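Engineer: Fold the stuff below for me.
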Amino acid sequence: MKVVIIGGGWAGCAAALSAKKAGADVTIIEKTDLLLGLGNVGGIMRNNGRFTASEELIALGCGDLIQITDKVSTHTNIDFPGHKHATLYNVNMIEGEVRKYLTSFNINLLMESRVTDINLDNKKINGVYLSDGTYIDGDVFIETTGTTGPMGNCLRYGNGCSMCVLRCPAFGPRISISQRCGVADLQGERGDDILGAFSGSCKLAKESLSEEIRNELDSKGVVILKVPEEDVNYGKLSTKVCQQYALKEFAENIILLDTGHAKLMTTYYPLHKLRKIKGLENAKYVDPYAGSKGNSIRYLSVAPRTNDLKVTGVDNLFCAGEKSGLFVGHTEAICTGTLAGHNAVKLVMGMPLLILPSSIAIGDLISYANEKAATREGRKDRYTFAGASYFKRMQKLGLYTTDIAEIQSRIDKINLTNIFNQKLC
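Structural biologist: All right, here's what the predicted structure looks like:
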């Protein structure tokens, strides 16, 4: 049984692991030279409800990637405005660790390999074509290509190409596999009928910051600096993908987190204004390079799907990560990727597909985001365990907890303990 995954971000890697554990031959096709995509500049795990989801995933039997981020963490149990008990992983170490782990499972990695077209026969994908003319066939396909790029979208809906970590000018644009199958994409919206949203943070080179700030980052993991009153911009908060960070504290302060680089919690910040702040006089952006002006634009290519993560209207295509909904975050990508990989194997075997129940946070997020995406107001929102509307829902429903024994008990009660660690074929 051959499972082909298009996109090697967090969702693609998670899908590969769960499909491999279920017994499939697995290939990841990744257009750049690095796995993990935005995971190479992210770095925040286990904050707020993501702790609950992470422990659910571990209890379900596929928390491998969560545990790798724990292993390469720079800080644990960090609090910053609106967020508690966060783990910060080292973005400079994570990709190599994940790549080694996937390779140990004999997962086939096709790097610098960009899909340009599909071979579709009566609602079934037989294979995909790469930019070099190679043809890859498969029994079932999983699209985890994200929703960002090409750079024309950053010009159209943002402030211009910022040459982000996805590097589409160098490695070429992503295509929407589901749309090539004739399934129209859904698109996230923001105010004034504008599509998409800015990525929510930037990276500064730690070496470019003052010794005092570097020392505080190393010891505490977080530094908060007041923004000069004349430079406070509340309006920019509404453009952010990461609505869990769209709090007034993030407009009134420079919030830096230690993820190997200094993670700057804003969509962009003019460099000449940034350097007015004590300790940042020599600050330099490392991602995106044009962080002074803008950031990548996301949520322009979401596939309609059912709650088992199968794409509507295509017989053998699943989706995960941002491609599967207006989700924000690595944890959310890992959760959806894991379910997609598991169900891809079940589909080929003719087994009933797994829908995670709403009595656990992962299942509730997947179904709730799908329900909300059907409405225009719902498409203006973003869904994450870490904050904004969905974290409030988690708390209201009693799904949020940091009690690991309670989380394990919930998974056990629905008879799904270790389900993703079971070989199916």
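Engineer: Which residues outside the helix or strand bottoming out on mean pLDDT in the chain are in contact with it?
Structural biologist: Comparing every helix and strand of the chain by mean pLDDT, DSSP states H and E singles out strand 189-190 as the least confident one, with a mean of 84. Strand 189-190 is contacted from outside by 195-197, 238-239, 376, 379-380, using Cβ atoms under 8 Å, 6 or more residues apart in numbering. For the C-beta atoms, the positions are set from N, CA and C on the backbone; glycine is no exception.
Engineer: Drop anything exposed from these.
Structural biologist: Of the members of those, the ones counted as buried by neighbours, 16 or more other Cβ atoms under 10 Å, are 196-197, 239, 379-380.
Engineer: Report the two of those residues separated the most.
Structural biologist: Across these, the longest distance by Cβ to Cβ is 15.3 Å; it joins 239 and 379.
Engineer: picking up where we left off before, could you dump the buried ones among the contacts of strand 189-190 to CSV with pLDDT and distance to residue 250?
Structural biologist: As requested, the buried ones among the contacts of strand 189-190 are exported to CSV (pLDDT from 0 to 100; distance: Cβ to Cβ, whole Å):
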residue, pLDDT, distance to residue 250
196, 90, 20
197, 89, 15
239, 70, 12
379, 90, 23
380, 87, 19
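Engineer: Pick the one among the residues you listed closest to residue 44.
Structural biologist: Proximity of the buried ones among the contacts of strand 189-190 to residue 44 (Cβ to Cβ) peaks at residue 197, which lies at 17.4 Å.
Engineer: I'd guess residue 127 is in a strand, am I close?
Structural biologist: Yes. Membership of residue 127 in a strand is supported by DSSP: H, G, I helix; E, B strand; the rest coil.
Engineer: Report the contact partners of it.
Structural biologist: 4, 118-119, 135-138.
Engineer: can you put the buried ones among the contacts of strand 189-190 in TSV and add secondary structure and distance to residue 217?
Structural biologist: Supplementary listing: the buried ones among the contacts of strand 189-190 in TSV, determined by DSSP: H, G, I helix; E, B strand; the rest coil; distance: Cβ to Cβ, whole Å:
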residue	secondary structure	distance to residue 217
196	coil	31
197	strand	27
239	helix	26
379	helix	37
380	coil	34
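Engineer: Which pLDDT does the model give the residue lying closest to residue 172 once chain neighbours are set aside?
Structural biologist: Residue nearest to residue 172 in three dimensions, not counting chain neighbours: residue 114, with 4.9 Å by Cβ to Cβ, 6 or more residues apart in numbering. Confidence per residue is given as pLDDT, and for residue 114 that number is 97.
Engineer: For residue 12, see how far away residue 110 is.
Structural biologist: For residue 110, the distance to residue 12 under the criterion Cβ to Cβ, to the nearest Å works out to 11 Å.
Engineer: returning to that earlier point: count the residues that sit near the residue nearest to residue 172.
Structural biologist: Using other Cβ atoms under 10 Å as the criterion, residue 114 is surrounded by 20 other residues.
Engineer: Next up, the contacts around it.
Structural biologist: With contacts taken as Cβ under 8 Å, 6+ apart, residue 114 has the following neighbours: 29, 31, 130-131, 171-172, 174.
Engineer: Does residue 400 lie in a helix or a strand, and which?
Structural biologist: Secondary-structure assignment from DSSP states H and E places residue 400 in no helical or strand segment.
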